[in-house]
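*Asks:* turn this into a model:
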Amino acid sequence: MKYLIVLPFLFLGACADKDSNSQLGAVSLEQNTTGIVGGRLVKANDPVATRVVMIEIKYENGGTNLCTGTPIDKTTILTAAHCVKGAVRVRVGYALDEDSITKGNLVVAKSFKAHEDYEEDADQYDLGLVRLQKAIPSNYKVSKIYDGSQEVTSDTVTLVGYGITSSQGTDAGYLRTTTKDLDDVRIRNNSILIIQQPHNGVCSGDSGGPVFVQVGNEMQLIGVNSYVEGPSKNPCGQIAGSVYVKSQLTWIRKTIKEL
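*Replies:* Here you go, the predicted model:
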């Protein structure tokens, strides 16, 4: 059993500067593009299969991006701010792959909002909320947000998302999952930093997706995927950054009432 380590994190020399962060949400659905680097496809009986949703975003310029989200109550999805910022339409899909979702399984959101303090150089605020027109399907589950008061009872965190499987991939649209050892996880300035090496982590399209920890018999949400850092040839190959959700509980509760 372990606790998450809250320590300063030293970037490896090969990592890109902070200004070259690569947001994880910019994957066009028109690319006919499956996700999580080094992960496996999520099957219907997997514990995470009904805890994660696909989010399709349309912007004023007509562009369409793919992100990932997590239900935190029956009508609210938590995702990344950079996914919904500037959006004109957000739709939520309940299926394990894009093909099944586009057959009529997309639901238009009632409203959505990005964190007011989010900027590209303020990733600790990279959270957005999506309010649904009606409750999530009865077989889907709401995830509790980890509040830090209990012991983490697993040695790993679980990453889930619909993104691509490599930095040069064009295969987004299938729900995948992988785990990272807690030794690869640090919390710094209300952000969660995950060492992606050697072979697994998150990539483009996994934005807004969850970082889960096990607390007793319950899977809880500790992070929301935000960005990756790495060399230009492999931007998904070094460091992943997620929002430490506990740090934004006040904003989440206030904004849910406003949506």
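*Asks:* the helix or strand Lys180 falls within pairs with which strands?
*Replies:* In the assignment (DSSP states H and E), Lys180 maps to strand 176-181. Sheet pairing of strand 176-181 (DSSP bridges) gives strand 40-41 (antiparallel), strand 156-161 (antiparallel).
*Asks:* report the buried residues of that strand.
*Replies:* 176-178, 180 (16 or more other C-beta atoms under 10 Å). No exception for glycine: its C-beta is placed from N, CA and C like everyone else's.
*Asks:* next, the angle strand 156-161 makes with the longest strand along the chain.
*Replies:* Counting by DSSP state E, the longest strand found in the chain is strand 218-229. Strand 218-229 and strand 156-161 meet at an angle of 70 degrees, taking axes from the mean of the first three to the mean of the last three C-alpha atoms, to 10 degrees as the criterion.
*Asks:* enumerate the positions of strand 218-229 that are buried.
*Replies:* Under the neighbour-count criterion of 16+ other C-beta under 10 Å, strand 218-229 has 219-229 buried.
*Asks:* for stretch 44-61, same thing?
*Replies:* In stretch 44-61, counting by 16+ other C-beta under 10 Å, buried: 46, 48-57.
*Asks:* ok, stretch 100-118 next?
*Replies:* The neighbour-count criterion (16+ other C-beta under 10 Å) identifies 101, 105-107, 109, 112-115, 118 as the buried residues of stretch 100-118.
*Asks:* make TSV out of those and add secondary structure, pLDDT and distance to Val88.
*Replies:* Listed next are these as TSV, based on DSSP: H, G, I helix; E, B strand; the rest coil; pLDDT from 0 to 100; distance: C-beta to C-beta, whole Å:
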residue	secondary structure	pLDDT	distance to Val88
Ile101	helix	78	20
Asn105	coil	73	21
Leu106	strand	85	15
Val107	strand	92	16
Ala109	coil	97	11
Phe112	strand	98	10
Lys113	strand	97	14
Ala114	strand	97	13
His115	coil	97	19
Tyr118	coil	94	18
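*Asks:* that older thread, just checking, what packs against the longest strand of the chain?
*Replies:* strand 22-23, strand 64-73, strand 76-79, strand 144-145, strand 156-161, strand 191-195, strand 210-215, strand 239-244 (3 or more C-beta pairs under 8 Å, 6 or more residues apart in numbering; DSSP states H and E).
*Asks:* go through the ones you listed and name the closest to Tyr125.
*Replies:* Of all the helices and strands packed on strand 218-229, strand 239-244 sits nearest to Tyr125, with 7.4 Å by C-beta to C-beta.
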